[in-house]
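Q: next comes the sequence, and after it the predicted model I'd like to discuss.
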Amino acid sequence: VPGRDGPGAAHRPPAEGDTMEYRQLGNSGLRVSAISLGTMGFGGTGWATPVGRIDVEGARRQVAMARDAGVNLFDTADAYSDGLSEEILGKALGPDRDEVLVATKVRFPMGTGPNDAGLSRHHIMRSVDASLRRLGTDHIDLYQVHEWDGHTPLRETLEALDDLVRAGKVRYVGCSNYAAWHLMKALWTADRHDLTPFVSTQVYYSALTRDIEHEIVPACIDQGIGILVWSPIAGGLLSGKYRRGVEPPAGSRHLTEWSEPPVDDEDRLHDIIDALVEIGDAHGVSAAQVALAYTMSRPGVTSLVIGARTEEQLADNLAAADLTLSDEDVERLETVSATPLPYPFWHHLNAADRLSEADLTLLRRHLDG
């Protein structure tokens with residue numbers, strides 16, 4: 001896929017008949033598929049309700065489809081369906097669990113007690129053992145803190161995670177939904193105290209919302225942090241079913257009902273969708289595949305975490321691994337989805353003679369223009 005550089009670049013060309021690309025996860029030695037399977041819809045209660053109500057048999061079919069496509073990373077969280085997603089994923093993987101990589105998360109409430117949430121040592125130690133039991137495994141390949149916890153000292157959180165790595169319960173650690181300063185503070189704390197550092201961050205990114213390009217992407221490229229992307233089709237907004245002046249399918253949410261991601265500019269959204277649909281028509285593929293291929297091609301991106309309510313949706317999304325967009329396609333999507341540079345980045349254009357590669361991931365286009 002054109003346009004990729006920095007951490008997450010491919011280290012293995014696809015074998016014959018195998019179109020999945022495997023990318024290094026940040027500065028770690030771990031290689032993960034460019035598409036991962038997200039399991040928020042496994043169980044389908046609580047948070048997961050909008051993205052599916054998938055039972056064990058349905059999960060087994062989705063896992064098999066993903067593995068057949070070359071997916072080797074399966075992502076869940078303890079809070080998805082109050083632990084049921086982890087349980088279903090463990091059953092779906094069954095005896096093949098050690099043939100793949102399992103990622104889960106900790107941070108959100110798992111009870112009503114005062115210590116049943118957050119990133120304290122107490123909550124992390126209880127949560128990891130509960131996740132291991134539900135997943136039916138003796139280790140978690142990537143254990144991610146699901147959200148920032150401003151009430152717990154970072155050293156306490158990172159020391160707990162380091163202990164889990166040393167105990168063999170966890171092999172790598174990552175974060176999710178961190179601001180760039182959160183990430184940098186965590187990396188500094190780990191380095192200062194010789195603790196296991198994060199190798200990845202899982203963040204929202206799509207053609208609709210390119211916020212992470214301002215600070216998170218440059219920080220990740222500079223520090224060697226892999227980027228895992230959640231909701232790369234913007235929760236279905238970029239699937240092509242939400243067209244300007246067209247009534248969406250029955251049961252679909254109205255645009256005003258979206259909070260993740262919020263729709264701030266309907267005209268811009270529809271312009272992006274129009275471009276995705278037209279590029280998809282030219283390639284004979286869906287708008288969703290174009291949206292995925294575009295985000296997959298962005299600098300620093302390691303893997304897109306995709307989920308689907310149906311097996312038909314999953315098959316279509318997995319096929320994005322086969323799609324290579326032309327330079328013209330990428331340029332069109334770059335243009336239609338662009339947003340103004342915020343300060344201080346527009347001012348950095350005055351200092352282009354001393355910009356690093358990390359700086360240029362955001363600014364190169366403006367300099368070239």
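A: It's in.
Q: rounded mean pLDDT for stretch 187-195, please.
A: Taken as a whole, stretch 187-195 has a mean pLDDT of 98.
Q: what's in contact with stretch 148-157?
A: Residues outside stretch 148-157 that contact it (CB atoms under 8 Å, 6 or more residues apart in numbering): 107, 118-121, 124, 145, 177-179, 182, 185-186, 189, 193, 195. Placement of C-beta: from N, CA and C, glycine included.
Q: most surrounded residue in the residues you listed?
A: Counting neighbours by other CB atoms under 10 Å, residue 145 leads these with 29 neighbours.
Q: surely that one meets residue 119?
A: Yes - counting by CB atoms under 8 Å, residue 119 is a contact partner of residue 145 at 5.5 Å.
Q: which residues are in contact with each of those two?
A: By CB under 8 Å, 6+ apart, the residues touching both residue 145 and residue 119 are 106-107, 157.
Q: does residue 316 sit in a helix, a strand or a coil?
A: State at residue 316, reduced to three classes by DSSP: H, G, I helix; E, B strand; the rest coil: helix.
Q: what about the nearest residue to it once chain neighbours are set aside, neighbour count?
A: In this structure, residue 316 finds its nearest non-sequential neighbour in residue 286, 5.4 Å apart by CB to CB, 6 or more residues apart in numbering. Applying other CB under 10 Å, we find 22 residues neighbouring residue 286.
Q: ramachandran angles for residue 286?
A: phi -80, psi 160 (degrees, to the nearest 10).
Q: correct me, but it touches residue 239?
A: Yes - between residue 286 and residue 239 there is a contact at 7.3 Å, judged by CB under 8 Å.
Q: pLDDT weak spots in the stretch 1-150 of the chain?
A: Applying pLDDT under 70 to the stretch 1-150 of the chain flags residues 1-18, 47-50.
Q: all strands of it, in order?
A: For the stretch 1-150 of the chain, applying DSSP state E, counting those that start in this stretch gives strands covering 10-12, 22-24, 31-33, 35-38, 73-75, 101-106, 140-145.
Q: what's the angle between the helix or strand following the last one and strand 101-106?
A: Think strand 140-145. Moving toward the C-terminus from strand 140-145, the next helix or strand (DSSP states H and E) is helix 154-167. Relative orientation of helix 154-167 and strand 101-106, computed by axes from the mean of the first three to the mean of the last three CA atoms, to 10 degrees: 150 degrees.
Q: for the strands of the stretch 1-150 of the chain, which one sits closest to residue 332?
A: For residue 332, the closest of the strands of the stretch 1-150 of the chain is strand 35-38, at 22.9 Å, according to CB to CB.
Q: run me through the strand neighbours of that closest one, direction for each.
A: strand 73-75 (parallel), strand 301-306 (parallel) (DSSP bridges).
Q: contact partners of it?
A: When contacts are defined by CB under 8 Å, 6+ apart, strand 35-38 is touched by residues 20, 62-63, 66, 69, 71, 73-76, 103, 228, 230, 292, 296, 303-307, 317-318, 320-321.
Q: please apply the same query to stretch 105-116.
A: Counting by CB under 8 Å, 6+ apart, residues outside stretch 105-116 touching it are 76-79, 82-83, 117-119, 122-124, 127-128, 130-131, 143-147, 149, 176, 202.
Q: try it again at 6 Å.
A: Stretch 105-116 has contacts (CB atoms under 6 Å, 6 or more residues apart in numbering) with 77-79, 117, 119, 122-124, 127, 144-147.
Q: now stretch 297-312
A: 1, 3-6, 8, 23, 25, 32, 34-36, 38, 40-41, 51-52, 75, 217, 220-221, 226-230, 232, 292, 296, 314, 317, 361.
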